[in-house]
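Undergrad: Kindly return the folded structure for what I paste below:
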Amino acid sequence: MSRYTRARVTNSMKRARDAGYFCTLCGKKMQRDEVTAEHLIPRSKGGSNHRYNLTSSCAPCNSRRSDNTHILPKFNVTTGYPLSPDEVKRMMAWAMKKSRKPPATPEPPHA
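TA: Below is the predicted model:
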């Protein structure tokens, strides 16, 4: 059994399904069975399964990206058109906002 829960399908992914799937990393048009859920902020770096932190990607891109946050989405999931830098910033800002974990409580100093 995996240590992570399966990411739920988001409304934007449902819209993508109806319009045709596109990988947000490489822009490839995909069939329904090729789509994987991509975490914009990886779970290993505090990302959540919140809908603003999920997008779709093809399996090779999802594997290649792994937990690297420097590889950013480049294409719109529903149209396949390139994203502007402002759209990428907005996507990542929403993902960060919804993925932040509360700060860890500091341990009391040892006597």
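
Undergrad: can you give me the helices in this structure?
TA: 11-19, 59-65, 85-99 (DSSP state H).

Undergrad: in the second one, what's buried?
TA: Within helix 59-65, the residues scored as buried using 16 or more other C-beta atoms under 10 Å are 61-62, 65. (Each C-beta comes from the backbone N, C-alpha and C, glycine too.)

Undergrad: In this structure P82 contacts F75, no?
TA: Yes - at 5.9 Å, P82 counts as touching F75 under the criterion of C-beta atoms under 8 Å.

Undergrad: Give me the more crowded residue out of the two.
TA: Neighbours were counted for P82 and for F75 using other C-beta atoms under 10 Å; F75 has more, 19 against 11.

Undergrad: Show me whatever sits in contact with both of P82 and F75.
TA: Listed as contacting both P82 and F75 by C-beta atoms under 8 Å, 6 or more residues apart in numbering are G27.
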